[in-house]
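> could you look at this predicted model? Sequence included:
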Amino acid sequence: MSELITDLETIKKRATERYDEFEVMRYMLELDDDITDEQLDKLVDDIAEPIVEAIDCTQCGNCCRSLNVYLVPNDVQRLSDGIDIPLSDIVERYIDKPSAEIFGEWGTFKQQPCGFLNGKLCTVYEHRPETCRTYPVFTPDFRWTLQDTIEGASGCPIIYNVLSEMIKKVDKL
């Protein structure tokens, strides 16, 4: 594994410079029927695991400043129970249901950056929504979600580093 890049400015610049390279990889993977979706997902998981372990998201928090967080009722109940604010108050103060419904979602946080972000730290970390708990997600279906993943490379050190390592592997497939 190459040395990991975590500086956000560097990642943004390099992801922009490598966008076409990432897109070529996506195109190659979509056409490659020599590797099954399951095999590809296993390869991605093997590449991502040490990168995810090595990068401390609490030193970044960029996703909390820039991404929409889609919510389900269980997320909001967990928040309400965890921070001892009535469910109705959470929904009224923090949740935008009409905008989310346009995308077929139950709700999203109204505010960007996230209203629960303090500096680079989540103030409700133990009670955060499932979307936040699993971000970034590479599998299942890496091959078919790669376009969205590439779009996230300029804002997430984990995504950028995983895609950079994937290019090396795809070239050898």
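Received, thanks.

> in the chain, which helix is the longest?
helix 37-54 (DSSP state H).

> now it, how far from the centre of its chain.
14 Å (Cα atoms, centre = their mean, to the nearest Å).

> ditto for stretch 136-153
9 Å.

> same deal with stretch 4-11?
The answer for stretch 4-11 is 16 Å, by Cα atoms, centre = their mean.

> show me the contact partners of that stretch.
14, 51, 54-55, 59-60, 62, 153-157, 160-161, 164 (Cβ atoms under 8 Å, 6 or more residues apart in numbering). (Each C-beta comes from the backbone N, C-alpha and C, glycine too.)

> now do 6 Å
Residues outside stretch 4-11 that contact it (Cβ atoms under 6 Å, 6 or more residues apart in numbering): 54, 62, 157, 160, 161.

> how about stretch 127-141?
Under Cβ under 6 Å, 6+ apart, the answer for stretch 127-141 is 41, 44-45, 48, 63, 69-71, 75, 78-79, 82, 122, 156, 158-159.

> next secondary structure after the longest helix of the chain?
As assigned by DSSP states H and E, the chain's next helix or strand after helix 37-54 is helix 62-66.

> and that following helix, what does it pack onto?
On a contact count with 3 or more Cβ pairs under 6 Å, 6 or more residues apart in numbering; DSSP states H and E, helix 62-66 meets no helix or strand.

> just the mean pLDDT for the following helix or strand past that helix, thanks.
Once the chain leaves helix 62-66, the next helix or strand it forms, by DSSP H and E, is strand 70-71. Averaged across strand 70-71, pLDDT comes to 94.

> can you list the strands that strand 70-71 pairs with?
Paired with strand 70-71 in the same sheet, following DSSP bridges, are strand 107-109 (antiparallel).

> which helix or strand lies directly C-terminal to the strand it pairs with?
Next element after strand 107-109 (DSSP H and E): strand 117-118.

> tell me the angle the strand or helix carrying residue 145 makes with helix 37-54.
Following DSSP H and E, the helix or strand that holds residue 145 is helix 142-152. When axes from the mean of the first three to the mean of the last three Cα atoms, to 10 degrees is applied, the directions of helix 142-152 and helix 37-54 differ by 40 degrees.

> which elements pack onto helix 142-152?
Using 3+ Cβ pairs under 6 Å, 6+ apart: helix 142-152 touches helix 19-31, helix 37-54.

> and the pLDDT at the nearest residue to residue 154 once chain neighbours are set aside?
Closest residue to residue 154 apart from its sequence neighbours, by Cβ to Cβ, 6 or more residues apart in numbering: residue 15 at 3.8 Å. Residue 15 is assigned 98 on the pLDDT scale.

> perfect, that will be all.
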